[in-house]
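> Here is my input; please provide its structure:
(one chain, ligands or ions: 1)
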Amino acid sequence: MRLAVMRERHPGETRVALTPANVSTLTGLGCEVFVETGAGDAAGFANDGYREAGAEILETRAQLLDAGEIVLCVDGAHEEAFADLRAGHIGIGMLDPLSRPERFRGLAERGITSLALELVPRISRAQSMDALSSIATLAGYKAVLLAACQAPRLFPMMMTAAGTLNPSRVFIMGAGVAGLQAAATAKRLGAVVEAYDVRPAARDQILSVGAKPIELDLDTSSSEGQGGYASEQDDDFLRRQREQMADVLAQQDVVVTTAAIPGAKAPVLITEEMVKRMKPGAVIVDLAAERGGNCELTQAGETLEAYGVTIIGPTNIAASLPHHASQMYGRNMENLLRHLLDEEGRLALDFEDEILDETVVTHGGEVRAARIRERLV
Ligand code: NAD
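Next comes the predicted model:
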């Protein structure tokens, strides 16, 4: 297999699709790896490291696309990412297919095979390829640090000669991968941590990271949908959830929201009225900012103040930790590529295999992923 690692073009994207360690492994398996010059610079992986690992550095995108049959990127959700790919190329990256299914008709018509890491199924066998979980882990960690830097209070309790300082109260809304990591991070910093999720199964996971689960008087028996994700809640459920949540929020110093429904706008968990009732100096970090936000007042990419509360709406938070984010993403990508190789090290697309069946969006001139086809009208 000839692999081509693109230099990311989209502003603010600092990650790279493979690190030198992944290159070593993949060349060891018989792959040739080509890297666009400077692809790993922003993540701390210089050209020399890739050369030492067995890759060839190429100066231009045109050379890269001539050399490689499988083109790897991180942010492939933007039009320009695959604009230069030709028929027969296989493009792999984060392609955001659930939000922008229409784009894939064009890729199919151009004869491009595309694989979206977001579609890797949530089965044990595919866990090592699950880039969404890698990103969520980093986002949960970083969200708490952003809040801690912004908050006017310390997280831990401190008994000092100048008196005792009470610990901060941190509340996590949505206890999936990001939320549990946020809870664990806030706990490590010494805060008093509570968390809430619609999925009943989240209760034990919240306890396992040392946080306290908040229970509401709501019927959540059908809250868990396909693949362990939450199913979409109706307006009445969300309204009643907000009513009961307002009192909980009014006591918090920091709130981290992570609630998401795959391919849909994020549910509004915090209204303007609820923000008005929060403590002055409280901080909300809204990890759903890119999907419309869990707080009504969030602006994606902005930090703003409303009614004395700071609301942070980070976007592409993993790019603020480019080294480890690339290490995790590169390992997920490496594992997917290993899965695509047959015993002789050649590319084998076996659609009987559940992982490939769900992850390949376009192939053979068609949009073939069922989850994307059903979104095309
Ligand atoms: P996600 O990013 O889609 O959503 C984040 C969380 O928000 C979820 O826990 C969801 O239940 C919650 N949420 C949605 N609507 C809500 C609402 N109205 N109020 C409160 N919370 C709400 O989810 P995720 O973090 O990617 O993962 C969700 C689940 O999938 C977790 O149980 C996780 O352990 C599991 N998972 C399994 C695998 C695997 O088996 N390979 C991999 C990753 C995650």
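> Low-confidence ranges, the stretch 201-350 of the chain, go.
225-228 (pLDDT under 70).
> make it 90
215-244, 260-264, 341-350 (pLDDT under 90).
> Do a quick rundown of the helices in it.
202-208, 235-249, 272-276, 322-340 (DSSP state H, counting those that start in this stretch).
> quick one, domains of the protein?
2-130+322-376, 138-320 (the TED database).
> near the ligand, which residues of the stretch 201-350 of the chain show up?
Within reach of the ligand by Cβ under 6 Å from any ligand atom, the stretch 201-350 of the chain has these residues: 202, 228-230, 233, 241, 258-262, 267, 269. Quick note: C-beta positions are derived from backbone N, CA and C, even for glycine.
> one step back: with mean neighbour count as extra columns, can I get the helices of the stretch 201-350 of the chain in a markdown table?
As requested, these are exported to a markdown table (neighbours: other Cβ atoms under 10 Å):
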| stretch | mean neighbour count |
| --- | --- |
| helix 202-208 | 16 |
| helix 235-249 | 15 |
| helix 272-276 | 16 |
| helix 322-340 | 22 |
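> hang on, the earlier thing: any idea which of the residues of the stretch 201-350 of the chain next to the ligand has the most stuff around it?
Counting neighbours by other Cβ atoms under 10 Å, T258 leads those with 29 neighbours.
> out of everything not next to it in sequence, what's closest to it?
G174 (3.7 Å; Cβ to Cβ, 6 or more residues apart in numbering).
> give the contact list for the residue in the chain positioned nearest to the ligand.
In the chain, the residue that lies nearest the ligand is G176 (2.0 Å; Cβ to the nearest ligand atom). G176 makes contact with 136, 197, 202, 230, 258, 260, according to Cβ atoms under 8 Å, 6 or more residues apart in numbering.
> What does it show for phi and psi?
phi -90, psi -150 (degrees, to the nearest 10).
> if we can go back for a sec, so which of the residues of the stretch 201-350 of the chain next to the ligand is the closest to A250?
Nearest to A250, judged by Cβ to Cβ, of these is L269 at 14.2 Å.
> helix/strand/coil for V198?
coil (DSSP: H, G, I helix; E, B strand; the rest coil).
> count of neighbours near it?
Neighbour tally, V198, other Cβ under 10 Å: 24.
> returning to that earlier point: surely the residue nearest to T258 touches A259?
Yes: using Cβ atoms under 8 Å, G174 is in contact with A259, at 3.6 Å.
> Need the overlap of contacts for the two.
Common neighbours of G174 and A259 (Cβ under 8 Å, 6+ apart) are 197, 269, 288, 294.
> Turn the contacts of G176 into a markdown table, columns for distance to M158.
Below are these laid out as a markdown table (distance: Cβ to Cβ, whole Å):
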| residue | distance to M158 |
| --- | --- |
| A136 | 31 |
| D197 | 31 |
| A202 | 31 |
| A230 | 37 |
| T258 | 28 |
| A260 | 35 |
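> Tell me which residue is most central in this protein.
I135 (3.7 Å; Cα atoms, centre = their mean).
> check contacts around that one.
Per Cβ under 8 Å, 6+ apart, neighbours of I135: 318, 325, 328-329.
> likewise E109?
Taking Cβ under 8 Å, 6+ apart, one finds G365 in contact with E109.
> before we move on, what about L98?
Here L98 is in contact with 118, 262-263, 371-372, 375 (criterion: Cβ under 8 Å, 6+ apart).
> which one of these sits closest to E344?
Set against E344, the nearest of these by Cβ to Cβ is E118 (29.7 Å).
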